[in-house]
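Colleague: Build me a model from this:
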Amino acid sequence: MTRFTPPPAPSEVEAFIGQVVTDLSAAFSGVLVNVGRKLGLYQAMADLGACTSVALAEATGIRERYVREWLANQAAGGYVAYDPEKQTYALPPAQAMVLALDQSPIFMAPAFEVAASFWLDENQIVETFRSGEGLGWHAHNHRMFCGTESFFRTGYRAHLVSEWLPALDGVVERLKRGARVADIGCGHGASTIVMAQAFPKSSFLGLDYHDASIATARKRAAEQGVTGNIAFEVKAATEFDGHDFDLICFMDCLHDLGDPVGALARCRKALKPDGKVLLVEPYAGDRLEENLNPIGRMYYAASAMACTPNSLSQEVGLGLGAQAGEERLRKVAREAGFSNLRRTAQTPVNLILELTRKRCSRPRSTEARWLADPHEQRAASFEAALCAWMGRC
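Modeller: Numbers count the residues shown, from 1 in each chain. All right, here's what the predicted structure looks like:
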């Protein structure tokens, strides 16, 4: 048995056991978030207001004994509120926005579907780690694809058209007049469809190497009646051979690529001389210690399970990871031939960057100057950024 000298203090052991129990509780309970979403329990609670387990069972057609146990778990985790005097349960407005209202700008319930796929892929990842080889995106459980689509779609609906595109110099004006846009690594097409709906005079091309995702993207577009100005093709980022594009987007995917430098270099050739690249990446600082928080923990897990294995499965296998940080992304952009990378916006979960072939002459606002200063970026706490984001929502 390993002996520690000096031995850990009892208070340290107790504190860490408490942390592990908390994590186990969350891991066990995550599946019940999926249960609540899929059976309409959260939505019914949002509609009913304060209710008993009997009332919720009647509203959803679920056996009351199961509903009662589910409610007890949710109350213990703070996901629902319990009134012991009235013996009723309620879904507070904040929780409803996160768990029940799928049009909310902070709807996060589908993220648990991604977590479910990670557990289902555990054996594959163990062998991937052991062998040192990669594991392509296409090889994951199908729940990964739909969960990722739903999770990121929330942010795209809330921010892409209203904030991120307007932050790019002159792009919205072009889109209103009619521009050519490529969305690289589009997956199920969530971001492509949002843009095509907002700018009917522009044409949008979504590309992804995963044929099943492209088939789903075409289906999603048809279901939403977006067909006249949108198309999807099965094509890897390093095979992109278009030309005369006004805007090329990488939405939460550049870090997944084996050769992000090569992909950006192809995009540079495909752009008009004054074209731009919109790069949306997971929020991260440039140093590990800046990312030791709940957002960083979540993204490092996703990176270890999906992003880095996918990159290592492809040619070059750079393995940027989901917490690459702005400085590393800037280096990749420079190597691809872009002269300027500008941070235009951010949320606690995303960095929004503009790549141009020449220096941008647009005067920067006070906010933009702050965003461009790495020292001031690091001075802003994670908690402050989260509060600001929630305030805007």
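
Colleague: Next, F199: phi, psi?
Modeller: phi -130, psi 80 (degrees, to the nearest 10).

Colleague: what about Y89, helix or strand, and which?
Modeller: Using DSSP states H and E, Y89 sits in strand 88-90.

Colleague: Could you identify the helix or strand that succeeds that strand?
Modeller: Helices and strands here follow DSSP H and E; after strand 88-90, the next one along the chain is helix 93-99.

Colleague: Kindly spell out which helices and strands sit in contact with that next one.
Modeller: Identification of packing neighbours for helix 93-99 by 3 or more CB pairs under 8 Å, 6 or more residues apart in numbering; DSSP states H and E yields helix 10-38, helix 41-48. C-beta here means a position set from N, CA and C on the backbone, and glycine is covered the same way.

Colleague: if you compare those, which one is most tucked away?
Modeller: Of all these, helix 41-48 has the most neighbours on average by mean count of other CB atoms under 10 Å, namely a mean of 21.

Colleague: what does that one contact?
Modeller: With CB atoms under 8 Å, 6 or more residues apart in numbering as the test, helix 41-48 has contacts from 35-36, 51, 55-56, 59-60, 62, 67, 70, 80, 89-91, 96, 99-101, 109.

Colleague: one step back: hmm, who's touching the strand holding Y89?
Modeller: Against strand 88-90 from outside (CB under 8 Å, 6+ apart): 45, 49-53, 56, 71, 74-75, 80-83.

Colleague: again, but for stretch 123-140
Modeller: Contacts with stretch 123-140, where a contact means CB under 8 Å, 6+ apart, come from 117-118, 121, 144, 209-210, 212, 256, 258, 304-306, 309-314, 317.

Colleague: Would you mind listing which of these are buried?
Modeller: Taking 16 or more other CB atoms under 10 Å as the criterion, what is buried in these is 117-118, 121, 144, 209-210, 256, 258, 304-306, 309-314.

Colleague: Tell me how far the residue nearest to T52 when sequence neighbours are not counted lies from L71.
Modeller: Closest residue to T52 apart from its sequence neighbours, by CB to CB, 6 or more residues apart in numbering: T88 at 5.6 Å. As for T88, its distance to L71 is 10 Å (criterion: CB to CB, to the nearest Å).

Colleague: what helix or strand does the residue most central in space within the chain sit in?
Modeller: The chain has F152 as the residue nearest its centroid, 4.4 Å off, counting by CA atoms, centre = their mean. Assessed by DSSP H and E, F152 sits inside helix 142-155.

Colleague: one step back: who's more crowded, T88 and L71?
Modeller: More crowded of T88 and L71, by other CB atoms under 10 Å: L71, with 23 against 18.

Colleague: Next up, the contacts around that one.
Modeller: 53, 56, 80, 82, 89.

Colleague: Apply 10 Å and report the result again.
Modeller: Residues in contact with L71 (CB atoms under 10 Å, 6 or more residues apart in numbering) are 36, 41, 45, 51-53, 56-57, 79-80, 82, 88-89.

Colleague: quick one: low-confidence parts of this protein?
Modeller: Where the chain drops to pLDDT under 70, the residues are 1, 358-393.

Colleague: Run through the strands of it in chain order.
Modeller: Using DSSP state E, the strands found in the chain span residues 81-83, 88-90, 180-184, 203-208, 230-234, 245-251, 271-282, 340-347, 350-356.

Colleague: List the buried residues in stretch 211-222.
Modeller: For stretch 211-222, by 16+ other CB under 10 Å, it's 213-214, 216-218, 220-221.

Colleague: Any chance of these in a markdown table with distance to R130 as columns?
Modeller: Listed next are those as a markdown table, based on distance: CB to CB, whole Å:
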| residue | distance to R130 |
| --- | --- |
| S213 | 28 |
| I214 | 32 |
| T216 | 32 |
| A217 | 34 |
| R218 | 37 |
| R220 | 37 |
| A221 | 40 |
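
Colleague: for the residues you listed, which one is nearest F240?
Modeller: Nearest to F240 among the buried residues of stretch 211-222 is I214, at 14.0 Å by CB to CB.

Colleague: my read: that closest one touches A236, true?
Modeller: No. If you go by CB atoms under 10 Å, I214 and A236 don't touch, sitting 11.5 Å apart.

Colleague: what sits in contact with each of those two?
Modeller: Residues touching both I214 and A236 by CB under 10 Å, 6+ apart: 207-208.
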